[in-house]
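Colleague: Got a predicted model here, sequence first, then my questions.
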Amino acid sequence: MAKQAFTRSGAETSLDEIARQSGVGPGTLYRHFPTREALLEAVYRAELEHLAAAAQPLTDTKAPVEALRAWLLLFVDAVAAKQIIAPALNSLVEDHKKTFEASYARMHDALRGLVKGAVKHGDIRRDLDPVDLLRALVGVAHVATSPDWQQSARRLVDILVAGSRPVK
């Protein structure tokens, strides 16, 4: 509920409103998340963990290149959440990189595994650096000034996947 509220109304959303929407009292929310920063951090960390954990089910249910594409689309959604939450975290958490180091590592491992599977299957070129895919998508998010940047980023996922095919 907190992620939805922050996404809808920004990082300054009323914590009492989040508690109400979650069906808990404000005291319960504050017992688990004593500060706005703690709740923002929990939402962001959960988003990264969800993204990392999504790789395996995608691998189990889709062809390797389709699993990679689906994961990249989830990454676009995670970037959207980060754009709302990160500015507040950057100003509130002194060393935000250290705070999320383990989550970032899991996320990168998940992407490397997806790319490796697609390379092994012959769908993606061997010289692809998985981090380049992330850089391209984050770049779109950072330069976009319009509210429809997510649609652009989703189109970019298809362009990146098509451009990452082996040269024949």
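Modeller: Perfect, I can see it now.
Colleague: where does residue 63 fall, phi/psi-wise?
Modeller: Residue 63 has phi and psi values of phi -60, psi 150 when expressed as degrees, to the nearest 10.
Colleague: quick one: the residue sitting nearest the centre point of the chain from residue 47, how far?
Modeller: Central residue of the chain (Cα atoms, centre = their mean): residue 78, 2.5 Å from the mean position. From residue 78 across to residue 47, the span is 5 Å (Cβ to Cβ, to the nearest Å). Backbone N, C-alpha and C define where each C-beta goes, glycine included.
Colleague: So which helix or strand of this structure has the lowest pLDDT on average?
Modeller: Lowest on mean pLDDT, DSSP states H and E among the helices and strands of the chain sits helix 96-99, with a mean of 61.
Colleague: Flag every buried residue along the helix or strand following that helix.
Modeller: As assigned by DSSP states H and E, the chain's next helix or strand after helix 96-99 is helix 101-120. Residues 103, 106-107, 110-111, 113-115, 117-119 are the ones in helix 101-120 that count as buried (16 or more other Cβ atoms under 10 Å).
Colleague: Name the nearest residue to residue 121, sequence neighbours excluded.
Modeller: Using Cβ to Cβ, 6 or more residues apart in numbering and skipping the chain neighbours, the partner closest in space to residue 121 is residue 64 (4.2 Å).
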